[in-house]
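Visitor: Give me a 3D structure for the following:
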Amino acid sequence: MPFLANTPVEKMTGPYARRWWALLVLCLSLLIVVMANTSLIVAAPDMTRDLDLSSSDLQWVIDGYTVPYAALMLVLGAIGDKYSRRGALVTGLLIFAAGSVMGSLVDETGLVITARAVMGVGAAVVMPATLSLLVAIFPREERAKAITGWTATSGLAIAVGPLVAGWLLEDHAWGSTFLINVPIAIVAAVGALALVPPSKAQGIGRIDYVGGLLSIVSVGSLVYAAIEGPHFGWGAGPVAAAVVAGVGLLAFVVWELRHPHPMLDVRKFAQRPFSGSMLAVLFFFFGTFGALYYATQYLQFVLGYGALETGVRLLPLAGAVFVGAAVTGRLTPKLGVKAMVVTGMLIGTVAVFLLTRIDESSSYTDFLASLIMLGFAIGLSVSPATDTIMSSFPESELGVGGGANDTSLELGGALGIAILGSLLGTAYRDRLTDLIGGSQLPHAALETAKDSVGGGLAVAEEIAKNPAGGAQQAQALVDAVHESFAHGVAQTSLTGGIIMAAGTMIVLAVLPGRRKAGAHTSQDGTAPRETADSQKAASGTA
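Guide: Predicted coordinates:
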């Protein structure tokens, strides 16, 4: 057996013999892409201290990865379809590794953000390639099981990222959390060449680069506005970005409707299985990433857990993902996609609402039920939604399908962290102002304390060292910071839960039942455009 997998999928007469080994490579590639975001959550305190990051700086260190990641996936998925899906995967892994090396070596804020952006470009190549290759390699009867494994890996990465980062930070600087990606990316690239067969679309025409450019402008501007506006105020930049996003989206829809070979056939959104699944992924990761973002901060800043201790305490989430994945693998064929997706979203909504009980006396056990429920919900609902999305695309557009699914996922996560993070910051500042607004703190120290929970604790440390302050005043500030942050978590969870509940109701209304879903899907898994049912779906009727 040759070392390199050289026979293209399109020329195989039967299922690829080493497809489950290939899935392992695809899941390993996915693992580091997701870990790159979750590991940074626990590395953020060390980076803030070493680089003297402001709240704005830290936000863009995190989101410098998100903007190119979300904006480029659709276009890069289409390029992979046309030229080489495996080539795209290997190229993306190498770009990702290069950005990781850069991030581990630099010590200036702008360069760290640049390194994160390079990693985001690499991730935007890798993510749709993993999903398109999976669908190309596996026969239809095994595809749902393979996608379940792919989904479980993303849930595992949510917990493993902080765990690995925490372990590294015990003895190494924060740059090690970047560097750990490099050997994994290299192993995945070699594994891709050895175990993943070449694949590309057959008979595809010219790529719709105008549509691709419009999608980049629209999604990139939307993510930028969602990050910058809620956190730092709706000044000229975020407002202009929001306007550009709206105009760009309208232009994209008009262009795609008129183009003979569109980048993304927007008519698919008239198909209820597709649009309902896209909305489910977006709303679900909105709530999940937002809740995980502030729950992790509570564990570190309020409960005082170190990076490794925080990572260990997120492991129940990963275990619950695998349980949910096992359950959905058995029940989805019997109950249907709608039942599993909506049930998962309901469980996720309840998990977020449970965090409204958090106060300054809460312990880790008060978060445990929510973490387990979120993990179980990921395993239960994301896999059937992703399978439905990918089944809406023909074999020639699998990269575009992967890009559409992953854009929805990443956009939901980015909006969740940005919007819920902003609400958390506002609630924290308002409560802290009420508690210490009349104190004798210098104005600069007061503003630093109100900027973030980390800033508040840093000010308390300085007060404890200052003879004019002392331990009693420092402890009073620590108590106020803890109470304010806990109040922020509870208030933000109420809003997040309401948004999740509304999203669940929308998905419940949009996703068709099993009988109606079958009318939308042809034998090859793609949805016909001219059936009576699709016309009804387009008009919003059942």
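Visitor: Show the model's pLDDT score for residue 524.
Guide: pLDDT for residue 524: 39.
Visitor: now residue 540
Guide: 39.
Visitor: go on, residue 256?
Guide: The model reports residue 256 with a pLDDT of 93.
Visitor: For it, which non-adjacent residue is spatially closest?
Guide: If you skip the residues right next to it in sequence, residue 256 has residue 262 as its closest partner in space, 4.0 Å away by CB to CB, 6 or more residues apart in numbering. Yep, even glycine has a C-beta here, placed from its N, CA and C like the rest.
Visitor: Now the phi/psi pair for the one you found, please.
Guide: According to degrees, to the nearest 10, the main-chain angles of residue 262 amount to phi -70, psi 150.
Visitor: doesn't residue 207 make contact with it?
Guide: No: no contact is recorded between residue 262 and residue 207 when judged using CB atoms under 8 Å, the distance being 10.4 Å.
Visitor: Mind checking which of the two has more residues around it?
Guide: Neighbours were counted for residue 262 and for residue 207 using other CB atoms under 10 Å; residue 262 has more, 20 against 17.
Visitor: Go through the helix or strand where residue 23 lies and flag the buried ones.
Guide: Taking DSSP states H and E as the definition, one finds residue 23 inside helix 19-51. Of all the residues in helix 19-51, those buried under the rule 16 or more other CB atoms under 10 Å are 19, 22-48, 51.
Visitor: just checking, what packs against that helix?
Guide: With contacts defined as 3 or more CB pairs under 8 Å, 6 or more residues apart in numbering; DSSP states H and E, helix 19-51 has these neighbours: helix 55-63, helix 85-105, helix 109-137, helix 140-169, helix 176-179, helix 181-195, helix 272-297, helix 307-313.
Visitor: Kindly reformat the ones you listed as TSV containing mean neighbour count.
Guide: Putting the helices and strands packed on helix 19-51 into TSV (neighbours: other CB atoms under 10 Å) gives the following:
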stretch	mean neighbour count
helix 55-63	20
helix 85-105	23
helix 109-137	25
helix 140-169	22
helix 176-179	22
helix 181-195	19
helix 272-297	26
helix 307-313	21
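Visitor: In a markdown table: those helices, plus mean pLDDT and distance to residue 487.
Guide: Listed next are the helices and strands packed on helix 19-51 as a markdown table, based on pLDDT from 0 to 100; distance: least, CB to CB, whole Å:
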| stretch | mean pLDDT | distance to residue 487 |
| --- | --- | --- |
| helix 55-63 | 78 | 18 |
| helix 85-105 | 95 | 34 |
| helix 109-137 | 93 | 30 |
| helix 140-169 | 85 | 24 |
| helix 176-179 | 91 | 30 |
| helix 181-195 | 95 | 36 |
| helix 272-297 | 91 | 12 |
| helix 307-313 | 85 | 21 |
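Visitor: Could you export those helices as CSV, including distance to residue 482?
Guide: Compiled in CSV, the helices and strands packed on helix 19-51 are given as follows (distance: least, CB to CB, whole Å):
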stretch, distance to residue 482
helix 55-63, 19
helix 85-105, 32
helix 109-137, 28
helix 140-169, 21
helix 176-179, 26
helix 181-195, 34
helix 272-297, 12
helix 307-313, 16
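Visitor: Out of these, flag the one nearest residue 433.
Guide: Ranking these by proximity to residue 433 (CB to CB) places helix 55-63 first, at 16.0 Å.
Visitor: Check which element follows that closest one along the chain.
Guide: Secondary structure here is assigned by DSSP H and E; on that basis, the next helix or strand after helix 55-63 toward the C-terminus is helix 66-83.
Visitor: What average pLDDT does that next one get?
Guide: Averaged across helix 66-83, pLDDT comes to 90.
Visitor: cool, stretch 465-475 as well?
Guide: When pLDDT is averaged over stretch 465-475, the result is 77.
Visitor: what's the span of that stretch, first residue to last?
Guide: Between the start and the finish of stretch 465-475 there is a gap of 12 Å, counting by CA to CA, to the nearest Å.
Visitor: For the stretch 401-542 of the chain, which segments count as helices?
Guide: Counting by DSSP state H, counting those that start in this stretch, one finds helices in the stretch 401-542 of the chain at the ranges 421-436, 443-451, 453-465, 471-510, 514-519, 532-539.
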